[in-house]
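In: Take this sequence and fold it.
(one chain, ligands or ions: 1)
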Amino acid sequence: MVAADNLQKMPKDTTFNLAAYLKERQKLCETALDKSIPIIYPEKIYESMRYSLLAGGKRLRPILCLAACEMIGGTIDMAMPTACAVEMIHTMSLIHDDLPAMDNDDYRRGQLTNHKVYGEDIAILAGDGLLAYAFELVAMQTPESVARERVLQVIARLGKALGAAGLVGGQVVDLDSEGKSDTSLETLNFIHNHKTAALLEAAVVCGGMVAGASAEDLQRLSRYSQNIGLAFQIIDDILDVTATQEQLGKTAGKDLIAQKVTYPSLWGIEESRAKAQELVESACIELDTFGELAQPLQALAHFITSRNH
Ligand code: GRG
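Out: All right, here's what the predicted structure looks like:
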């Protein structure tokens, strides 16, 4: 959930109430996610999937997906299955990232990691289950008002964002770079453009696709989200050194322990913050052409740099 002190740092906007917007959207997403996975036999796997999926989290990706769809002229109903799918994919990537074979973390979203509660075998399968179900959800539950061709485009875009050309590729290079103090800025950008920005981009672009955005508008959405994706990661790196475990809901200071090169380790904290701010400004400019309709996505971009968890 969004901390009030965080929102006070947001640029003043007399017409758009981001705090109220986030609260309402988070609630909508929580309800849809809760309904999406009932517990049936074999209960253990559904419980494990729900344990991580419903553990809180900012729900930034589904909220971005819904906002992009609405900006282009679509409805929440049209985008909700895609929004939930993106959150399921994000959650599965967190479950697998936390495994002993990867980041080996004990805490996530303020609670014990999935494998600490259910064991490694079930945690791997819970991630697999969420990933598979995400695609089924988009294919089967996107309403008829969305042309099937668009649904196909969304499925393809999500697949591309996750595989070796996206999250998986970014994670591989990230694992390779552990303990290497000579990691270049180019490699660091590769890692985060793939590991973090790719899914944020897919969330936004797929939201636009569902609503039938033109190729030109999809390009704008893509540039907007690449910029906020990198800004998001820069802030994530800063928080890793400045925030507490309670604020983060996961172990703080992990990058230092893993001897990872990060944006603050290359540029320092103040310059990193300034770069993140620049990226957010560039992201917002991409959407100026949509006028007032762009307010939610522009406010969400600013939220990324002002967050404290
Ligand atoms: C996708 C097939 C497939 C495999 C996963 C493990 C892996 C491959 C990739 C790692 C991806 C990863 C963990 C990226 C980090 C992204 C990131 C900055 C997460 C934190 O996001 P927040 O702050 O978290 O939005 P909440 O909990 O608020 O949702």
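In: make it CA atoms for all contacts and neighbour counts henceforth
Out: OK.
In: Let me see the ranges of the strands in this protein.
Out: 107-108, 111-112 (DSSP state E).
In: now the first one: how far from the chain's centre is it?
Out: If I follow you right, that is strand 107-108. Its chain's C-alpha centre and that of strand 107-108 lie 16 Å apart, by C-alpha atoms, centre = their mean, to the nearest Å.
In: Please enumerate residues in contact with that strand?
Out: 113, 249, 250, 251 (C-alpha atoms under 8 Å, 6 or more residues apart in numbering).
In: that older thread, looking at the strands of the chain, which is buried most?
Out: Of all those, strand 107-108 has the most neighbours on average by mean count of other C-alpha atoms under 10 Å, namely a mean of 20.
In: Report the strands that pair with that one, each with its relative direction.
Out: Take DSSP bridges as the rule and strand 107-108 pairs in its sheet with strand 111-112 (antiparallel).
In: Quickly check: the partner strand near the ligand or not.
Out: No - Strand 111-112 stays clear of the ligand (C-alpha under 6 Å from any ligand atom), getting no nearer than 10.8 Å.
In: ok, now stretch 18-29?
Out: No - judged by C-alpha under 6 Å from any ligand atom, stretch 18-29 and the ligand are separated, with a smallest distance of 11.1 Å.
In: quick one on the thing from earlier: got CSV for the strands of the chain, with mean pLDDT too?
Out: Shown next, in CSV, are the strands of the chain (pLDDT from 0 to 100):
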stretch, mean pLDDT
strand 107-108, 96
strand 111-112, 97
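In: and which of the contacts of strand 107-108 is nearest the ligand?
Out: residue 249 (7.9 Å; C-alpha to the nearest ligand atom).
In: Contact residues of the protein facing the ligand?
Out: So the chain meets the ligand at 57-60, 93-94, 96-97, 109, 162-163, 167-168, 171, 195-196, 233 (C-alpha under 6 Å from any ligand atom).
In: Whichever of these end up buried, select them in ChimeraX.
Out: Filtering those down to the buried ones (16 or more other C-alpha atoms under 10 Å) takes a single ChimeraX command:
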select :57,59,60,93,94,96,109,162,167,168,171,195,196,233
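In: okay, now residue 307: neighbour count?
Out: Number of residues near residue 307 (other C-alpha atoms under 10 Å) recorded here: 18.
In: State the pLDDT value of it.
Out: As predicted, residue 307 sits at a pLDDT of 80.
In: how close does it sit to residue 263?
Out: The spacing between residue 307 and residue 263, counted by C-alpha to C-alpha, to the nearest Å, is 17 Å.
In: And for residue 35?
Out: Applying C-alpha to C-alpha to residue 35 and residue 263 gives a distance of 39 Å.
In: sorry, back to before: which of the contacts of strand 107-108 sits closest to residue 185?
Out: residue 251 (24.8 Å; C-alpha to C-alpha).
In: so where's the chain uncertain?
Out: The chain contains residues with pLDDT under 70 at 1-14.
In: could you redo the last one with a cut-off of 90?
Out: 1-15, 56, 178-179, 181, 241-260, 304-309 (pLDDT under 90).
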